[in-house]
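J.: Take this sequence and fold it.
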Amino acid sequence: MNNADFWASIRSIIAEGFTPEGLLKLDRYAEQFISGRLVYQRFSPQEQHGCATGGATNVIASLLAGAEVSTDRGGQTSFSDFERERQCATQQELVIERWAKAVNLWTDSVEDTLPQSLGEQIAEGGEAVVYDHGTTLIKSISLDYFIQPVFALDRISLHNTYFPETRLFVLGFGRDKRGDFKIIAEQPYIDGQPVSDSEIAEFMQQMGFELKNPRNWTYATPEIYLSDMHDENVLRSLKSDTIFVVDCDIRINTPELRQGGTRVLSTEVEFL
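T.: Here you go, the predicted structure:
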């Protein structure tokens, strides 16, 4: 199967309404992705592994969102055309919602349902609402920072690549009472204390990241853009003195982000 045949297959599954046969195909594609036989060139090999460690739900949603990225721009997003981006986002949301409902991974009114089934709310930030689930946390993640689901799903895959100790495992999707799309993910709970900006800077430098803007805690390599790395999102474990990144804004660093990025967002796939 070549690239064109693969995306034609995905779009056919979507158009046919996620029939049992279509769902089986998606499961098979996810298994091939996770095993490395399906190579998605949007990601490096390490990033594809990060996507896979987010679970098959993360993999399938990423592929469905990828099918709705317009190909007439070579897989790139025009950040200056907000209406076009919003239209693409809406289509991605609807496709993921239809699939999630077909496989019972959809939650209506997440702010009512999650506390009843998974634990009480313990925190709320600009991007996520956090629920206590014992040894893990459940996060209801919004699209406010990303607009398009594909970029929010990238964020999960990249987080898992660079910070695997606090990996995000996608449980499903939903909407809140306002109708806003949510990604529901699970993450290990870290019992820690805040880390100073200077310690975070040293930690990131050791990982090969350059400080770009201290006012919004932005770091980058030519491959990856990383921001929101402040002391509420980076913790030092009380048990092991290890530094853990529990939350951040992490993206594929394209030239459009104006942070020295060199990446191109590809929609090409290859079967090995």
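J.: Run through this protein and note the low-pLDDT ranges.
T.: By pLDDT under 70, the low-scoring segments of the chain are 70-80.
J.: where do the helices sit along it?
T.: Under the criterion DSSP state H, the chain contains helices at 3-15, 20-35, 45-53, 56-67, 82-102, 110-117, 149-162, 197-206.
J.: From the contact counts, what lies against the last one?
T.: Spelled out, it's helix 197-206. Judged by 3 or more Cβ pairs under 8 Å, 6 or more residues apart in numbering; DSSP states H and E, the packing partners of helix 197-206 are strand 210-213, strand 234-237, strand 243-245. For glycine as for every other residue, the C-beta is placed from the backbone atoms N, C-alpha and C.
J.: Same list (the helices of the chain) but as CSV, adding distance to residue 189.
T.: Formatted as CSV, these follow (distance: least, Cβ to Cβ, whole Å):
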stretch, distance to residue 189
helix 3-15, 36
helix 20-35, 26
helix 45-53, 18
helix 56-67, 20
helix 82-102, 25
helix 110-117, 16
helix 149-162, 16
helix 197-206, 20
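J.: Go through these and name the closest to residue 236.
T.: The closest of the helices of the chain to residue 236 is helix 197-206. By Cβ to Cβ, the value is 7.9 Å.
J.: Contacts for that closest one next, please.
T.: By Cβ atoms under 8 Å, 6 or more residues apart in numbering, the residues outside helix 197-206 that reach it are 195, 211, 214, 217, 219, 226, 229-231, 234, 236, 243.
J.: out of the residues you listed, who's nearest residue 69?
T.: Proximity of the contacts of helix 197-206 to residue 69 was ranked by Cβ to Cβ; the top entry is residue 226 with 22.4 Å.
J.: okay, now that closest one: neighbour count?
T.: As a burial measure, residue 226 scores 24 neighbours (other Cβ atoms under 10 Å).
J.: What residues does it make contact with?
T.: Going by Cβ under 8 Å, 6+ apart, residue 226 touches 162, 204, 209, 218-220, 248-251.
J.: how far away is the residue nearest in space to the middle of the chain from residue 239?
T.: Among the residues of the chain, the one closest to the centroid is residue 153, at 2.3 Å (Cα atoms, centre = their mean). Per Cβ to Cβ, to the nearest Å, residue 153 is found 31 Å from residue 239.
J.: Kindly report the domain assignment for the chain.
T.: 3-190+265-271, 192-257 (automatic domain parsing).
J.: Skip the chain neighbours and tell me the closest residue to residue 7.
T.: residue 67 (5.9 Å; Cβ to Cβ, 6 or more residues apart in numbering).
J.: how close does residue 260 sit to residue 213?
T.: 12 Å.
J.: just residue 205 next, same as before
T.: 15 Å.
J.: Could you do residue 133 as well?
T.: Distance, residue 133 to residue 213, using Cβ to Cβ: 34 Å.
J.: neighbour-wise, which of these two wins?
T.: Relative neighbour count places residue 133 above the other of residue 133 and residue 213, with 18 against 11, counting by other Cβ under 10 Å.
J.: Show the contacting residues for that one.
T.: Residues near residue 133 by Cβ under 8 Å, 6+ apart: 118-119, 186.
J.: how much space between it and residue 21?
T.: 35 Å.
J.: Next: residue 213.
T.: 49 Å.
J.: for residue 6, same thing?
T.: 16 Å.
J.: what about those two, which has more around it?
T.: Remark: of residue 6 and residue 21, residue 6 carries more neighbours, 20 against 9, as counted by other Cβ under 10 Å.
J.: Pull the contacting residues for the residue lying closest to the more buried one once chain neighbours are set aside.
T.: Of all residues not flanking residue 6 in the chain, residue 269 sits nearest, at 5.1 Å (Cβ to Cβ, 6+ apart). Contacts for residue 269 were tallied using Cβ under 8 Å, 6+ apart; they are 3, 6-7, 38-41.
J.: gap between residue 141 and residue 21?
T.: Residue 141 is 31 Å from residue 21, by Cβ to Cβ.
J.: what is the residue nearest to residue 6 paired to in the beta sheet?
T.: On the basis of DSSP bridges, residue 269 is bridged to residue 40.
J.: Among the contacts of helix 197-206, which one lies nearest to residue 53?
T.: residue 226 (18.5 Å).
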